[in-house]
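> Sharing a sequence plus its predicted fold:
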Amino acid sequence: MKKNIAIIMGGYSSEYKISLKSGKVVYDYLDKEKFNCFPIHISKEKWVYVNQENVEFPVNRHDFSIKIESELIQFDCVFNAIHGTPGEDGLLQAYFELLNIPQTSCNFYQAALTFNKRDLLSVLKPYGIKSAPSYYLNKGDKVNTEEIINTVKLPCFVKANKSGSSYGISKVYKKEDLRKAIKSAYEEDDEIIIEGFLDGTEVSVGVISYEGETKVLPITEIVSENDFFDYEAKYEGKSKEITPARISKSKEEKVKYLAKKIYEVLKMKGFSRSEFIFIGDEPYLLEVNTTPGLTTESILPQQAKQAGIDLPSLFENAINEVLP
């Protein structure tokens, strides 16, 4: 009997439209001979199943079911394609755990932790995971520009602590531009992380649970045409994403080892994508994404393809990994 799969997409953040693209790709590539697939659009205004004629059916949030005419449909599994809140920060993971519905991304604690850049880097530090010098601010804190610059030096990055797709991020070269960058980051989040600039090769390492084992995918090198890997570079073609990365065998082994270590130390499941910058031979962690982009052009699908895993297999495996 075919399983009913809810593909959740959208979300409450600036990444809403990007998530809809990821969710559509999941819907298009999942095998309809094996699964009944239901695109579920989640926004602050409404949760709805949207059929192929764009007719909307409301989701009953008490049990995450839908009704089509007189037929009640309950779901065997949720495929999570939401970038940002509430799909990447633990809220929906906790909700589905309470409802006892399997879902494809990591569990709620891991999602909340990895979504919080400051907490993630602090937790991983005792395990030997290196990161850039950093300075933390919360909305309402007094801004001491001298202290910030003494800690992280210039240039530096000002980032929203809990955000994705490079929203709320600025590269600051001059002291007088720091307050403007902080104000911009606060538009995305009430917490900020300010990090020293790491000048080196940037790589992205996908780690997934595949056929019951932790699998590290081929590494992608990020070469941005812009000043850094910002929104334009990620989504508007202003970067080169080279898979496999042009790095030495020793660097490759080191960063794969660290990405797998992070995945296993944090007891992750599903998809993850860790971003590193090499300073000399040492990889420094920037962040970990737990619902990375899933369009055909996105980094993790590119890496899976290089590993010989096509999109139908990648998506089907994610479901099979969590079904009882």
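Received the coordinates, thanks.
> Which stretches in this structure count as helices?
Under the criterion DSSP state H, helices of the chain are mapped to 16-29, 91-99, 108-115, 117-124, 145-152, 178-186, 231-235, 249-265, 299-306, 311-322.
> Looking at those, which is nearest to Glu195?
Closest approach to Glu195 among the helices of the chain (CB to CB): helix 145-152, 6.2 Å. In short, each C-beta sits where N, CA and C put it, glycine included.
> Mind putting the helices of the chain into a markdown table with mean neighbour count and mean pLDDT?
Shown next, in a markdown table, are the helices of the chain (neighbours: other CB atoms under 10 Å; pLDDT from 0 to 100):
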| stretch | mean neighbour count | mean pLDDT |
| --- | --- | --- |
| helix 16-29 | 20 | 97 |
| helix 91-99 | 18 | 98 |
| helix 108-115 | 21 | 97 |
| helix 117-124 | 19 | 96 |
| helix 145-152 | 14 | 96 |
| helix 178-186 | 17 | 94 |
| helix 231-235 | 18 | 46 |
| helix 249-265 | 17 | 98 |
| helix 299-306 | 22 | 97 |
| helix 311-322 | 19 | 98 |
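> Save these as CSV, and put in distance to Arg273 too.
Formatted as CSV, the helices of the chain follow (distance: least, CB to CB, whole Å):
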stretch, distance to Arg273
helix 16-29, 13
helix 91-99, 17
helix 108-115, 10
helix 117-124, 13
helix 145-152, 25
helix 178-186, 22
helix 231-235, 12
helix 249-265, 9
helix 299-306, 5
helix 311-322, 13
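> Phe276 is nearest to which of those helices?
helix 249-265 (5.5 Å).
> Which residues does the closest one contact?
Contact partners of helix 249-265, identified using CB atoms under 8 Å, 6 or more residues apart in numbering, comprise 124, 127, 129, 203, 205, 207, 214, 216, 219, 244-245, 247, 268, 272, 274, 276, 278, 281-283, 285, 288.
> who's in contact with the residue most central in space within the chain?
With distances taken as CA atoms, centre = their mean, the residue of the chain nearest its centroid is Asn289 (3.0 Å). Counting by CB under 8 Å, 6+ apart, Asn289 touches 88, 114, 164, 272-275.
> if we look at the sheet, which residues does it bridge to?
Beta-bridge partners of Asn289, counted by DSSP bridges, are Arg273.
> Please tell me how far it sits from Tyr135.
Shown here: Asn289 relative to Tyr135, a distance of 23 Å by CB to CB, to the nearest Å.
> domains in this protein, as residue ranges please.
Residue ranges of the domains in the chain are recorded as 3-105, 112-130+199-322, 134-196, according to automatic domain parsing.
> if we can go back for a sec, and Ile42, which of the helices of the chain is closest to it?
Among the helices of the chain, helix 91-99 sits nearest to Ile42 (CB to CB), with 7.9 Å.
> just checking, what packs against that closest one?
On a contact count with 3 or more CB pairs under 8 Å, 6 or more residues apart in numbering; DSSP states H and E, helix 91-99 meets strand 77-80, helix 108-115.
> got those as CSV, with distance to Val48 columns?
Output for those, formatted as CSV (distance: least, CB to CB, whole Å):
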stretch, distance to Val48
strand 77-80, 15
helix 108-115, 23
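> How about residues contacting stretch 181-194?
The contact list for stretch 181-194 (CB under 8 Å, 6+ apart) reads 14, 116-118, 134-139, 143, 148, 151-152, 156-163, 167-170, 172.
> Return the distance of that stretch from the chain's centre.
19 Å (CA atoms, centre = their mean, to the nearest Å).
> how about low-confidence regions in the stretch 101-250 of the chain?
Scanning the stretch 101-250 of the chain for pLDDT under 70 picks out the ranges 164-167, 226-238.
> got CSV for the contacts of Asn289, with distance to Asp310 too?
Formatted as CSV, the contacts of Asn289 follow (distance: CB to CB, whole Å):
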residue, distance to Asp310
Glu88, 25
Thr114, 27
Gly164, 26
Ser272, 20
Arg273, 18
Ser274, 23
Glu275, 24
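> Closest to Gly196 out of those?
Looking across the contacts of Asn289 and measuring by CB to CB, the closest to Gly196 is Glu275, at 15.6 Å.
> need the contact list for the nearest residue to the closest one once chain neighbours are set aside.
Closest residue in space to Glu275, ignoring its immediate chain neighbours: Leu286 at 4.2 Å, by CB to CB, 6 or more residues apart in numbering. Counting by CB under 8 Å, 6+ apart, Leu286 touches 131-132, 202, 275-277.
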